[in-house]
Structure formats: C-alpha cells, structure tokens
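> A predicted structure for the sequence below; I have some questions about it.
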Amino acid sequence: MNTPRHTFTRSERLKSPTLIGRLFKDSHSYVAYPLRVVWLELAVPPATATTPVQVVISVPKRNFKTAVARNRLKRQIREAWRLHKHLLYEKRADKPHISLMLMYIAKETLPYSDIEAGMQKMVRKMP
RNA sequence: GUCGCAGAUCGCUCUGUCGCCUUUCGGGGAGGAAAGUCCGGACAACACAGAGCACCGCACCGCCUAACCGGCGGGGCUCUUUCGAAAGAAAGGGUACAGAAAGUGUCACAGAAAAUGACCGCCGCACUCCGUUUUCGGGGUGCGGUAAGGGUGAAAACGUGCGGUAAGAGCGCACGACCGGGACGGGUAACCGCCACGGGGGAUAAACCUUGCGGGUUGAAAUGCCAUGUACACCUUGCAAAUGCGCGGCUCGCGCAGCUUCAUUCCGCUUCGGCGGGAGGAGGGCAAGGGGGGUAGGCAGCGCAGAUCCCGUUUCGUACGGGACCAGAUAAAUGACAGAGGCUUCGCGCAAGCGAAGUACAAAAUCCGGCUUAUAGAUCUGCGGCGGUU
RNA sequence: GGCUCCGUAGUUCAACGGAUAGAAUAUAAGUUUCCGGAACUUAAGAUAGUGGUUCGAUUCCACUCGGGGCUA
C-alpha cells in the first residue's frame, strides 16, 4: 500500500465560468453540514483535468463580510479536501468525471474539526 | 516614577508535519492601512482649426511638487485657557478665508418697524371742549415735524460727549470704531503700521449670481497580440446525385416537385439470386488545399522597476558613487494543523514563580503621490500637572 | 473596475431653511358587543451617524456607515 500524496494543484480546480454556470443550472446537490455539495457528471472531462474530480470552493459574502474571514474558511475547506479527496477517488474509480462545488453554508465560523467531519460525511453521501 | 496632550515609529516570534503560487531553479511570496474609491498623476485608446456659450470643479499669500481639493510656513478672522483693574499680552485649537458699493431673492415667531422703519412717545400749527377767567394748565380731532426713549428679536439703522433745535437727528464739532480709494514705512506676497481725505450702505453667496483660474473624452474588464476543433463565412480543385419553383418575419427559414440513397415497409413478377412500382426516412453536399473573423482559452500590458528611500562627496541648481526595497494570483496563490515562546491583563504568593484569559484592524488585483476611515499592544521625542530623591 | 442614485414612525409615503416633523396602515389601551369583527376615542413610536454653514438644518455642505441601479 502506497500512501497517497495529498496535493492540490491548479489542474484540480474548477475555473471555467461556463462549467460553473452549468453546475447551477442542472446538477445534483445535498447537504453535509456545514457544507452544501453541488455536483455534475461529465461524459467528456475538460482538457485541463488530470484527476477524476475538479472542485470549486465558495464562501458567500452574505454571511461573512470581511475578506479575511472568507479566505480563512476557504483555506480550511481546501485543506480538508486535500486530505480526504483520495477517499472519493477510490469510491468513484470506474465512474465518469465530475465537477464539484463545495459551499460553506453555516452562519458563523466553525472549528476545523467540524469542517473535517463535514468533508467525511460528504464522501459517504456521494453515490 | 505616574497621568494627560501632541508628534513619530513598530505592529508578534520560532519549530515540526502536510501543502499552494512564482522563478533566470539560486531564490522570492500581503499591509500600514493592501480598505474606502475621496483627489491628483503616469500609461493607453480615440478625438482635436480658433473663439464664445453651457456644464463641472477650485478660491487669503508664499514655497514644495510630475501634479493636486495634498504638505509645510506665513497672514487675517474666531474660540478656549492663563496673567492683568483695564487696555492688552502669551500659549493652544478651529477656519470652504474672492465679491453683499452689479443685480435678484430670503430673513419664520416676536416686535411699531426686518430695509421706501412713525405704533406709543416728543414737538409745532389749526379747530374744539373743560378748569381758570390775565397769562396759563389739561383733554379730543385733524395736518405736519422728529429716529433721543420704548417690552421684542439672532440681528434695530455708527458709539460717547459738547453744540444745536419747536422737538430732534452725523445736522455740526472732538475723540473712537467701520468702509473706500490714496501717500509714506516694513514685508517676495497675503497683510501690518501710520498719515491726511472722503463716506454713512443690516445679515445671508455651504441662496441664485458675479469675477478670476482650471478641465477634450474614456479607462487596464483600457489597449495590443496569439488561437484549439468532427464548429463557421469565403476561394480553388476533384467527386455518378446535390436542381427548379413558391411562400414568409427575405444575409435566414419553410413547403412542393425533381435527383441520389436506404440493415424500413407494402404490392406484383420470379429461374428465389433478384427486378419493377408505391409509401416512408435521410441527404440541400463531401474530400483535399488555401483562408479570415474570432468563441472556449491564452500571452503581453504586469515590476530587478522606479517622479521610490537611505548614506557619502559636491560647484548646494544639481550631479556622481555606494547601498536598501525586490509578491504577481485571475471562481483569486501567499496557507492548514500541532507544539513552544514573547507581550498585556487578572487571580494566588513575601519572593522566585504558578494558573487563567487575551494577542487588534484588515488581505494585493496596472503602478505611483496624497486624503479619509479601522486598529490589541509596544517604543521614542516634546510640553504640562502630580509625587519622590539629590 | 468604473459611473450614478437613495436613506424620515414597524411598513408605505409627505413636509418654500422656520414653532412641538404630518398622514395612512400596523401596534397598545379604552368605548361599544353575550363574544369577535367593524366603527369611535386616546396613546406610544422616526429624520442612518459625526462635524460644519446659518439666528435657526429633515432640507445646504463635507466625511463615515448602509442599500439600490447602470455599464462590460
């Protein structure tokens, strides 16, 4: 058993505005508190993709007014994704590529342990 | 030492594990405000004969500056404190501070009157009534004169004194205050001092306005460039079919006929291989080469650069030399977690120390110069008060 | 990123620079009713904040805070 490398490079991020627009139009979603998960299967993966999943992380300005608070939450979510994404990769080893959006929906800042628990729940609920 | 005010500076550190962006592969990687976007520029594209009007902005003076509604210094006005009997002086703060003698507007309530000021009062004249019966005194009505006195008000038509008058009045005079243009002295100037002359006009321009000065417009999502494909306009060549007519909302689409084709279906004939006809579907070109616009996306603009800062020399305008600073992301990198330490406050303790809590505000988005706002805590300088020591 | 507009009771709107900021509706109390509704009477409730101009500011000016719209 080789230990997976917990990386998070540029090609693993979802950047295309058109794809993100499709994510909001026709997609599946569920809640793994404190995260809301929006995802979409793509038959043809984008050219920039090198991994089974491309992810975008979002924290709404409505709930967190200052950029400092939003940045810290996004970084914590990113770390949780980085350390747990291999579980989702194993689960979806022979299924199509997906675009994934993780939105932070709690009204206040929660400790990192809660975000980590939400990330594990997200992997369990993903089909 | 402590408290207050003003100014200036700094604004947590280290280790481990796992990561991110960038790179010339050595390395580098948020701020004093990166914020608000309130001013001014650099830079870029477009426009551009000259002048005027309109619109917007600015408004005491000098200097700094690439420039500014910025900074520094000065002047005027004004407020506070201290000293002083007062005049005034000192210190500190504020100041959008051109023009009210170009014109227009507004000035609530109160008050006689708020800008052509006569309500009461005072004075004169005429008529009349009463007392007195000589003069005179008092009242009423009318016509005039008068800004000395009057409750008001934010503001009341220069102030004090003398003269003057029927009563009064800058009506006249003296002194003083204010305004105007002028001489002299000081100052680069704003302005200040002083002298004589003239004047009598409330406030408000962050009301309209007038005067002077400035402003071409748009902003890095500007702008320039590259360009994937079983996508597309157009051109050439080749390929057995790929043409004609009509309609509509007419660079596009639809319908009908013809043409080509079919792992479809029906009928007829059949030597069971097929052939002919009808229905239905599909096709409005394809391939190769050229080639343009440009979507997704990418590159430049965008930083080892500079109106930057420091030091030294200098002919003190400046020039030269040396050094410092050194992010470059684009659905957004500059971190997450764990541990240790520092600092502040509180509690316990004689003390050493122990424990608990806190450690701000806020994150680049082309780049500079300012302004404004947020900010735990720390350091330095100056001034003042209080206490202690010498 | 740039440009631009707005902020008045809980809500929707008024108010030439002039008295104690007005109206509707909502809220509360009372009258009426067997009870409720409706009606009537009464009360409470606001100029986003700070500073300035002015005798006087919701109004004029500056800054701050909050919200909306336009543009690509």
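The structure has been received and is ready for your questions.
> Can you tell me which helix or strand of chain A has the lowest average pLDDT?
helix A:17-25 (a mean of 73; mean pLDDT, DSSP states H and E).
> just checking, what packs against the following helix or strand past it?
For helix A:17-25, the succeeding helix or strand toward the C-terminus, using DSSP states H and E, is strand A:28-32. In terms of contacts (3 or more Cβ pairs under 8 Å, 6 or more residues apart in numbering; DSSP states H and E), strand A:28-32 is packed against strand A:35-42, helix A:112-125. Every C-beta, even on glycine, is put in place using the N, C-alpha and C of the backbone.
> partners of the first one, with directions?
The sheet places strand A:35-42 alongside strand A:28-32 (antiparallel), strand A:97-104 (antiparallel), with pairing taken from DSSP bridges.
> nearest to residue A:121, of those?
strand A:28-32 (4.1 Å; Cβ to Cβ).
> Name the residues that touch that closest one?
Identification of contacts with strand A:28-32 by Cβ atoms under 8 Å, 6 or more residues apart in numbering yields A:36, A:37, A:38, A:39, A:40, A:105, A:118, A:119, A:121, A:122, A:125.
> which one of those residues is nearest residue A:84?
Taking the contacts of strand A:28-32 together and measuring to residue A:84 by Cβ to Cβ, the closest member is residue A:119, at 4.9 Å.
> how many other residues sit next to residue A:90?
Residue A:90 has 11 neighbours, counted by other Cβ atoms under 10 Å.
> follow-up on the earlier one: deepest-packed of the strands paired with strand A:35-42, please.
Comparing these by mean neighbour count (mean count of other Cβ atoms under 10 Å), strand A:97-104 comes out on top with a mean of 21.
> helices or strands up against the longest helix anywhere in chain A?
The longest helix of chain A (DSSP state H) is helix A:67-91. Secondary-structure packing of helix A:67-91 (3+ Cβ pairs under 8 Å, 6+ apart): strand A:53-58, strand A:97-104, helix A:112-125.
> Could I get these in JSON lines, plus columns for distance to residue A:73 and mean pLDDT?
Shown next, in JSON lines, are those (distance: least, Cβ to Cβ, whole Å; pLDDT from 0 to 100):
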{"stretch": "strand A:53-58", "distance to residue A:73": "9", "mean pLDDT": "86"}
{"stretch": "strand A:97-104", "distance to residue A:73": "5", "mean pLDDT": "86"}
{"stretch": "helix A:112-125", "distance to residue A:73": "8", "mean pLDDT": "89"}
